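>>> Make a model of this:
(2 chains)
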Amino acid sequence: MTTTVGPDSGPTQTNETPAEVPDAESKALKSGTSDIRELLTRNLRQSGIYVAFVVVVVLFAILTGGTSLSPGNITNIVLQYSYVLVLAIGMVIVIIAGHIDLSVGSVVALTGATSAVIVIRHGAPWWVGVLAALGVGLLVGAWQGFWVAYVGIPAFIVTLAGMLVFRGLTLQVLDNISLSPFTPQYQKVSSGFLNGLLGGNGYDAFTLLIGALAVAGYAVSGFRTRVARVRYKQPVESFPLFVTRVVVVAAVVMYFAWQLAHARGLPIVLIILGVLITIYGMVTKRSVFGRQVYAIGGNLAAATLSGVKVRVVNFWIFVNMGFLAAVAGVIYSSRSNGAQPAAGQNFELDAIAAAFIGGAAVTGGVGTVGGAMVGGLLVAVLSNGMQLQGVDQSIQSVIKGLILLLAVAFDVYNKRRAGSSR
Amino acid sequence: MDDNILEMRSITKTFPGVKALSDVSLAVRRGEVHAICGENGAGKSTLMKVLSGVYPAGSYDGEIVYDGTVQKFANIRDSEHVGIVIIHQELALVPYLSIAENIFLGNERKGRGGLIDWNKANADAAELLAQVGLAENPTTPVGQLGVGKQQLVEIAKALSKDVKLLILDEPTAALNDTDSEHLLNLLRRIREQGITSIIISHKLNEIVAIAQHTTIIRDGRTVETLDMSAPDSDTDRIIRGMVGRDLESYYPDRESHPGEEVLRVEDWTVKHPTQDRLVVDHASFNVRAGEVVGIAGLMGAGRTELAMSIFGRSYGRDISGRVFVHGHEVKARSVAEAIDHGIAYATEDRKKYGLNLIEDIRRNVSAAALAKLSTRGWVNGNEETRVAEDSRRDMNIKAPSVSSIVGKLSGGNQQKVVLSKWLFTDPDVLILDEPTRGIDVGAKYEIYTIINKLVAAGKAVVVISSELPELLGICDRIYTLSAGRITGEQPVREATQESLMKLMTKEREFAA
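Residues are numbered from 1 along each chain as shown, chains lettered A, B, ... in the order given. The predicted structure is shown next:
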């Protein structure tokens, strides 16, 4: 996903010739030192997390003798951690803008409880429960957004208050008791599979088809971006590198699809997650809203003086977080087949950890949805692997904490180095 | 031989790409008030930072002789140890702590067991307050005092450290006339106690009133030291020294063809956001198409505040007055509205207010006009790249590609990115606040050329600058601003550095 700008990146490099840039400054740039260093630091920052992810996956595959990569286990990981990933999508946007949201765990509980009361206690159809949960999520988001954006209370305080308020409301809504079970249709949201739609011999052809479509979409969009960049005379990675990248991604996706197809088919949750990741990936990268989020986080004063309506943007960031917390609430209540007063505790910490491990900067302005997803998956694979190994819960917690610390330390170290090289 | 408490010999201080001080010498006699004068950016504050150890020994060339010995200060503590105390323009007091706590901060009055002896601290503080003539209870939080009284607390704090050489950087800039008078009297009193003072000030009347010697610094060099007891040492003499540089011909030629009026501001009045004083006071001015209008004023005159308050009310409160663009009144209550009405403002501090330093050139150039690059909320990244590439070529931004991170560019190239951003909003009038601050001569020339191109294309340009030669070199007309008021307007052919400086230092005449 990164473009390389370096001496070895092929003929379509740049249209700059040394004759155009005769002065000493650009000579320094041309000599390549600052250029390569920039490339390395930037790529290291982005790819460090991917490398760590691969290492963890391989490590546990070896330690568990392949069990961790078995079809059943992969399906499990997806089902178990999907709601944290959904939360991490919203959280990374909040963090890029320089805020934080501590309330999402309570919001997951409140939205799940709302849905449970409507579907279980009042016998409404499953989709009424889902819509009600989403509505509550949006209201919660609007409430917090109002305080952060228009009153100017730091998000840390607003959402800390929200964490208490919404937990309390959850208890109120549930009358302090758990509700279960949901109707089978509702349960399908988290534990349903698309299987056998196209038949197949012991494996689900539909899952493979979706996997193939995803790969094709990735390759086509990558190629189109590349062509456009060449047309606009932008540096691109060399063609062999591009092909290698596509092939590697295709192999990983197809392996993943193959494993799923061998198990129970394509989980509905995975489709929801895939759609959200695609949409929010585009929103953060390509939409005006997304740009303004980065601008606010990168330099609030400069964004304000460039005409960004900071309050409006901040408001919608929190509305969006409330919405995604509601989605996670629906998935979680469906998976746990009911609503409990204590649901969703510490989810906010998992989501925040995912965003930071995925390269988001504590100071704001930096972070990607993709990074947060890998960050979340890293924690997921780690937890899952340790569970398979029978590692004690207490040790698991220690290791997860250290990983978070290391990830942010790496980020700070990188920034300091980049700063001193100037 | 005179008894000099301080001699700074051949001080040279270089920052990456800029020589801030070159071969500056300063001799201060024991027991005098020594004034340092110079335009903004002449190097006065840098020199004082060298003296007080903010820039440690080794980071500059030359030597500091204090009390007869060569000193090598590694930090402020070292210089304070020998009795040199600097009071910065921005006061360094903690608003929530009491006067006594502030005075002894880092220098606490300890009693038994290492605990602070508050009785002693408060009693000592009361004594110091009496010395500086401040009738306040030592337990009053500093935040409840006005700026003038806070200044006195700073001086009391300096006295508590057994100060021998007191440095005051623009002590009266934020004070009203009564408080300034009080402060000057205090300086006279502590001089009688044998304490030497160095005072940096733009208020020339005050310097004439209080200083025994005045050293003038210009472009990082010492120009001269005036004996203020000489009969001709008046404000005019100081002004001559401050501006007496040659008008070098590094301003590109331009033919001026002003067209119709583009921007007119009438009776613009702005209050300070937290203090009860006017920062801009009934200012009126206008700019025509194809015209470069300069606004000259010293630090604190309200130049930036004037510009930012016009630019979508980004500064101040209780703003009144009217703004017209192309003859129609414009009420821009937000930056977005100001941009929509064709006003652009490029800030004086590009790193803090102008650029997102962690993003690339492309995203900075598009930041103020993303709507032009997007349909239904989606940005066309390819068009964005094309726009940035065009800017890079037209503005000659030296960077390997438009994906280069802006924070790594030189000051001149960063400024070109800022200008690109505002040009892409297609404004009718551009307000450029210190457009060449901190950039080298070559890049300055390029910026001037860009300004010329803009007015040739019919834009109206307002340039705010501390450098008078720059204003004289590129403007058609120049307004002077002093204490928030427009004190004069001169066509460039009638203006000289002396005439402008006189108008810029013109203080308010009190009728009642």
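>>> Please name the residues that touch the residue nearest the centre of chain A.
Central residue of chain A (C-alpha atoms, centre = their mean): A:Met373, 3.3 Å from the mean position. Shown in contact with A:Met373 (C-beta atoms under 8 Å, 6 or more residues apart in numbering or on different chains): A:Leu85, A:Ala88, A:Ile89, A:Ile277, A:Ala354, A:Gly358. All C-beta spots, glycine's among them, are computed from the backbone N, C-alpha and C.
>>> tell me the phi and psi of the fourth one?
Backbone dihedrals for A:Ile277, given as degrees, to the nearest 10, come out at phi -60, psi -40.
>>> ok so, going back, give the next helix or strand downstream of the strand or helix carrying the residue nearest to the centre of chain A.
Assigning secondary structure by DSSP states H and E places A:Met373 in helix A:369-388. Remark: after helix A:369-388, the chain's next helix or strand is helix A:393-420, criterion DSSP H and E.
>>> And the residue nearest to the centre of chain A, how far from B:Ala230?
76 Å (C-beta to C-beta, to the nearest Å).
>>> what do you get for A:Pro267?
91 Å.
>>> Those two: who's more crowded?
Just comparing A:Pro267 and B:Ala230: by other C-beta atoms under 10 Å in any protein chain shown the higher neighbour count belongs to A:Pro267, 23 against 9.
>>> Low-confidence regions, the stretch 151-300 of chain A specifically.
Per-residue confidence for the stretch 151-300 of chain A (pLDDT under 70) gives these ranges: A:196-202.
>>> Mind doing that once more with 80?
For the stretch 151-300 of chain A, the stretches with pLDDT under 80 are A:190-192, A:194-204, A:229, A:232-237, A:263-264.
>>> Run through the residues of it sitting next to chain B.
Residues of the stretch 151-300 of chain A found near chain B (C-beta under 8 Å from any C-beta of the partner chain) are A:228-229, A:231-235, A:282, A:286-289, A:291-292, A:294-295, A:298-299.
>>> Just the ones in strands from the residues you listed, please.
Assigned to strands by DSSP state E, none of these qualify.
>>> Weed out the non-buried ones from those.
A:229, A:232, A:234-235, A:286-289, A:291-292, A:294-295, A:298-299 (16 or more other C-beta atoms under 10 Å in any protein chain shown).
>>> Mind telling me the two of those farthest from one another?
Spatial extent of these (C-beta to C-beta) is set by the pair A:Pro235 and A:Phe289 at 27.5 Å.
>>> Could I get the contacting residues of the residue of the stretch 51-200 of chain B found nearest chain A?
Ranked by C-beta to the nearest C-beta, the top residue of the stretch 51-200 of chain B for proximity to chain A is B:Ser59, at 16.1 Å. Residues in contact with B:Ser59 (C-beta under 8 Å, 6+ apart) are B:Lys13.
>>> In a strand, it, correct?
No. Assigned with DSSP: H, G, I helix; E, B strand; the rest coil, B:Ser59 falls outside any strand and is coil.
>>> how much space between it and B:Ile87?
Relative to B:Ile87, and taking C-beta to C-beta, B:Ser59 is found at 22 Å.
>>> How about A:Val398?
Applying C-beta to C-beta to A:Val398 and B:Ile87 gives a distance of 51 Å.
>>> higher neighbour count, those two?
Per other C-beta under 10 Å, whichever of A:Val398 and B:Ile87 has more neighbours is B:Ile87, with 20 against 10.
>>> Nice, that's everything, thank you.
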